[in-house]
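Participant: Please work out how this folds:
(2 chains)
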Amino acid sequence: MMNFLALEYRPLVAVALALTASILVYILGEHIHRNVREAITFVAAFLMAADVYSMIPSVISGEEIRLEVFSIVKGISLAFNVDAAGMIFGFVASTLWILTSLYSVGYMRGHDEKNQTGYYAAFAMCLCATMGICFAANLLTFFIFFEVLTVATYPLVVHYRDEKGKASGHKYLAYTLISGQIFFAAIVIIYVFTGTMDFVPGGFVATDALPMPWACVVFFMMVGAGIVKAGVMPLHSWLPAAMVAPTPVSALLHAVAVVKAGAFCTLRVVLYVFGPEAAKACHGAEILAWMAVLTILISSLIAIRKNNLKARLAYSTVGQLSYIVLGICILNPLAATGALYHIIAHAFLKITLFMCAGAIFVTTHKADITDMVGIGRRMPLTMLAFTLASVGIAGFPFFAGFVSKANIIMGAVEAGKPIYAATLVVSALLAVVYLMPVISIAFRRDVVNPEFSEYGEANWRMLVPLLITAVIAIVFGCAPNLGFHLYDIATMAGNSIFGALTM
Amino acid sequence: MKNLPILIVLLPLVAAQLCLVFSRIHRNVGRWLVITAVSASLVMSVMQLLNVIKDGPIHYYFGNYRAPIGIEFSIDTVNGIMLILVCVIGLLTFLFSSEFRVSSDKTIVGGMNTVLCLLITGLLGMTSTGDVFNLYVFLEITSLSAYCLIAMGGNKGVIAAYRYMLVGTVAATLYLLGVAVLYANTGTLNMADMAVLLNEGDKNKAMLLAMILFIAAFGIKMALFPFHGWQPAAYTHAETSARPLISGVMGKIPAYAMFRYLFCVYGTDFKYFDFILDVLGVLSVCAMLYGSIRAMGQKDMRKLLAYSSVAQIGYISLGFAIGTPLALAGAFLHMFGHAFMKAGLFFCVGAIVYRYGKFSLEDVGRLYKKMPITCGLLVLAALSMVGIPPAVGFFSKWYLGLAAAREAKWIYLAVLVISSLLNAVYFFRLIEKFFINPDKGLPQKRERGRIEASAWILIPVIVCFVAILALGLCNAKIVDVLLLTLGEVGL
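Facilitator: Got it, this is the predicted structure:
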C-alpha cells in the first residue's frame, strides 16, 4: 500500500482532487440537491488548498518534491516537480478556488443561471488542469494539462449558449487551439534537437542548439501559446470577447487560471526551457519585451474608452499581464521575482475588481459605468473594495501591486533599460485614469440614480469573498512574506534561474 | 494452444455457416452462436498475443506443409494486437446490432448476423495470413460480405454497394495482377519466402510495377485519397448496425496488408523504396487535407464522419511514408485508436438513430441533456480526433510528429498541425450542434423510461469511451510491444 499522503504524492493529490470533484459534479449534479453539489466543490477546494499549503515548507527548505507517475509516451514520464515558481501559481489558484466558489454560489443563484452543473464541473476541471500546469516537471506533462485547460474553459466561455457566446467561443478556440498546435510542433522540434523535456531553472536549450533564425522562430512558436493565453497584443482579442460569460468565469479567466497559465507558460518557456542566455541570443526575449511594452500602453489607452465595466477591466488585464511578460523578458533575478510576485498581486486585485463588477450587475443589473452614478452610497462595502483594488492596480505603496512593480522597475533599471521602467510608471498613471472615474462616478453626491433606492448591499456570498481578496491584497502589500513566505519563494525562484549564471 | 492461429479464424467461419441453420430455431440462437464464437476468438487472440510477446513470432503451417508449398499463418506483435482489435469491435458491433432488426419479407432470418460474422472472418484471415494468395481469398470474403452489409442499408445502400462493388472488383483484380507479377518472378506465394527471393538478382522493375498495383489495390480498399470515391456513400448508407465495424476496422486491414508488402516483403533494400514512400506521403498529405475540408461542409453526421475517415486514413499512411519504426508504431497506434474513435462515433450515431431516427446535424440541439453518456463519448472521440491529450489521438500524433521531425520531414509535421486544426473546425462544430444549438424537441421513436438507450447500445458506447482513454494512457506499453516487431523493419 502506497502512502498517498507522502510528500511526493501531494502534487498528484492536488490534481486528483479537482478531477474527482469535476467527475462527481458532472455525474451526480442533476440528481442531488444543489447544496450537496456545491459541497463537493467546497470540500475539494479546501482539501486542495490544504494540500498545496502543506508543500510550502519543503519548497522553502529547498527539498525536492518529485514524482514520476508513469511513462506517458515512450521515453518520457508524466512527472510532477514542485518548485518555487510552480508553488506561487499553485498557491494563487488553490486559494482563489475557494473564494470564487463561494462567490459563484452567490452569483449563479442570485442570477438564476442555467446549466449550473456543467458550470461547476468545468470549473473544477479547469482547476485540475491548472494544478497540473503548476507542478508539471516536463514540457509534455505541461502541454497535456495546458490543452486540457484550453478545452475545459470552452464550455464556460459559451455558458449562455446564445449567438454571442458562440461567436466568442469560436474566437477563443481559434486563438488557443492554433497556438496550442504550434506549441505542440515546437515541443517536438525541441525534443528532437535537445533530447530532453525536463524543465531546468536557467533552461536546457544551448545557445547554438538551433541555427540562428530558426532558434527565434521556435522560440516564438513555443511562447506563442503562452502569450495568446496571457493576451499579449496583437493576440489578445479573444479575452475581451470572452466577457460574455458570467462574471465568476471572468474571474477564473482573468485571475485564477487561464491568463495566468499563459503568463506561467511564458515563464516556463523563456526561463526554464530556453533560459536567459538562449532567449537573449536568439533575440526572442527582446522582441517579446517590446511587444509587452506596446501592449501595456495600448491596452491602457483602450481601457479608458470602454464604458462597459467588465470590458474596461478586461483591457486592464491585458495590460497587467504584459507586466509579467515584460518582467520575465528583462532577464534578471529582480525582474523575474517581480513578475512572479505580480502573478499573486494581480490575481487578488483583479479578482476583487471583477467580483465587484459582478456583484453590482447581479444586484442592480447595471453593466455600464455611466449608469452607476451614486452606486457607492447603496453598496458601500462593495465600492470600498473596488476602490482599494483600483488603487492597488495602479501600484500604490502598501498594496501587493506595488511590491511586484517596484521589483520589475528596479530590475529594468538594473538591466539598463530605462524605457521599460518608464513604461511601467506611465502605465500606473493610465491605470489611475481609467479606474478613478468609476469610483468618482460611483460616489457622486449630486445626481443619485433614483433606481438605486430599492437596492441594498450585495448578497453576503458575493460580499465576503470580495472583501477577503481586497484585504489579502493589502496584507500582501504591507507584509509580502506574511504567513506563506511568498516573497521569499518568488525570490528563490528568481535566484535559482539566474544563480547558475552569476555564480 | 498450438492451433490457436487457425482456430481464431476458423471459429467465426464455422459459426457464420451454422448461424443460418440455428436461426431457423430462433433468431437469438443464431445470434448467440456467433457472439460466442467471436468472444472465443477474442479470448484466444489475447492468449496468442501473450505467447507472441513471451516467445516471439508464431509461424503456423497448415497441415505441416512447409513454407513454399503449404499455407502459412504468421503472427507477430502487430497483427496479434490487430486480431484483438477486430474481435473487440466485431463483438461490440454484434451486441449493438441486436437492437436493430433488418426485417422485411425479403431478408432471411439471421442473414445479417451471418454476413457480419463472415466479414469478421475475412478481416481476421487477412490479418493472420502469411501467404499472398490466401490474402486474396480473405480479401474477397471481406469485400463480398461488405457489399451485402452496405446493400442492406436501403435503396441508397444498394447503389452505394454497387459502386463499391465496381471499384472493389477493380481493386481485387489489380491485387491479383500484382501477385501474378511477383509470382512470375519468384515462383512462390509465401511472403517470407518471397521477401528472400526478391532480394536476389535485379527484379526492381517488376517489383515497382507490382508495388504500384498494390498501392492502387489497397488504396481503394482502405479509401486512401484519391481512391476514396466509394467510401463516403458506402459508410453513409450502410446498414446502421454494421456501420461501426465497417468504418472502424474494414479500412484498416488493407492498410496493414500494404504495410506487410512495403516493409516485410519488399523491405528497405528495394531500389525505389524512397520513391514509393514519397508517393505515399504525397497521397497521405492530400488525404489529410482533402478529407477534412470536405468534412467541414457536411450536414449529415454519417457523411461528416465518413470524410473524416478519409483524413484519418491519411495519418496511418503518413506513418508508413515516414517509415521509421517510431513512425510505424505511431501509425499503428493511430489505427487502433481510430478504430475505437470512429466505431464509437458511429455507435453514438446509432444510439441517436435508435431513439430519434435522425441523422442530420440540425436536429441534435441540446441532445446532451437526454443522452449524456452518448454525448460524453461523442465529445471524447471528437477531442481525440483533434488530438487533445490525454485521448489516444494526441499520442499517435506525437509519435508521427516526432518521427517526422527526426527525419527532418518538416512538411509532414506542418501538415499534422494543420490537419488537427482542420479537424478541430468540424469536430467543434459537431460538439456545438449537440451542446449549444436550441432543442428541436424531437419526437421519440421509442419510450423507454429514463435511460438513454438500451443496454446493448450503451455497453459498446462505454467500452469505446474507456478504450480511447486507456489506449491513450497506456500508449507507452503498446508502443513497446509494437516495436518488438517494428524495430526490425523500417528505415
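Participant: which residues does the residue of the stretch 1-150 of chain B found nearest chain A contact?
Facilitator: Proximity of the stretch 1-150 of chain B to chain A (C-beta to the nearest C-beta) peaks at B:T77, 14.7 Å away. All C-beta spots, glycine's among them, are computed from the backbone N, C-alpha and C. Remark: with contacts taken as C-beta atoms under 8 Å, 6 or more residues apart in numbering or on different chains, B:T77 is in contact with B:L49, B:V52, B:I53, B:P57, B:V481, B:L482, B:L484, B:T485.
Participant: got it, and B:S145?
Facilitator: Residues in contact with B:S145, defined by C-beta under 8 Å, 6+ apart, are B:V115, B:L116, B:L118, B:L119, B:G122.
Participant: Got a quick PyMOL command for the buried subset of those?
Facilitator: The buried residues among those can be selected in PyMOL (16 or more other C-beta atoms under 10 Å in any protein chain shown) with this line:
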select buried, chain B and resi 115+116+118+119+122
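Participant: Which single one of the contacts of B:S145 is nearest to B:I220?
Facilitator: For B:I220, the nearest member of the contacts of B:S145 is B:G122. The distance, counting by C-beta to C-beta, is 16.0 Å.
Participant: Name the SS class of that closest one, please.
Facilitator: Per DSSP: H, G, I helix; E, B strand; the rest coil, the local secondary structure of B:G122 is helix.
Participant: again with A:A79
Facilitator: Judged by three-state DSSP, the three-state class of A:A79 is strand.
Participant: State the number of residues packed around it.
Facilitator: Using other C-beta atoms under 10 Å in any protein chain shown as the criterion, A:A79 is surrounded by 22 other residues.
Participant: Any idea what it is bridged to?
Facilitator: Here A:A79 sits in beta bridges with A:E68, going by DSSP bridges.
Participant: so what's it up against?
Facilitator: By C-beta under 8 Å, 6+ apart, the contact set of A:A79 is A:R66, A:L67, A:E68, A:V69, A:A136, A:A137, A:N138, A:T141, A:D198.
Participant: who are the neighbours in contact with the third one?
Facilitator: So the one you mean is A:E68. With contact taken as C-beta under 8 Å, 6+ apart, A:E68 is in contact with A:S77, A:L78, A:A79, A:A137.
Participant: List the residue ranges of the chain that fall below the pLDDT cut-off.
Facilitator: I'll assume chain A. Where chain A drops to pLDDT under 70, the residues are A:1-5, A:445-455, A:500-503.
Participant: nope, chain B please
Facilitator: Chain B contains residues with pLDDT under 70 at B:1, B:101-107, B:446-451.
Participant: Would you mind listing what in it touches chain A?
Facilitator: Applying the criterion C-beta under 8 Å from any C-beta of the partner chain, the portion of chain B that neighbours chain A consists of B:326, B:329, B:383, B:386-390, B:394-395, B:397-399, B:401-402, B:405-406, B:413-414, B:416-417, B:420-421, B:424, B:428, B:432, B:435-436, B:473, B:475-477, B:479-480, B:483.
Participant: Could you rerun that using 6 Å?
Facilitator: B:388-390, B:395, B:398, B:401-402, B:405-406, B:413, B:417, B:420-421, B:424, B:428, B:436, B:476, B:479 (C-beta under 6 Å from any C-beta of the partner chain).
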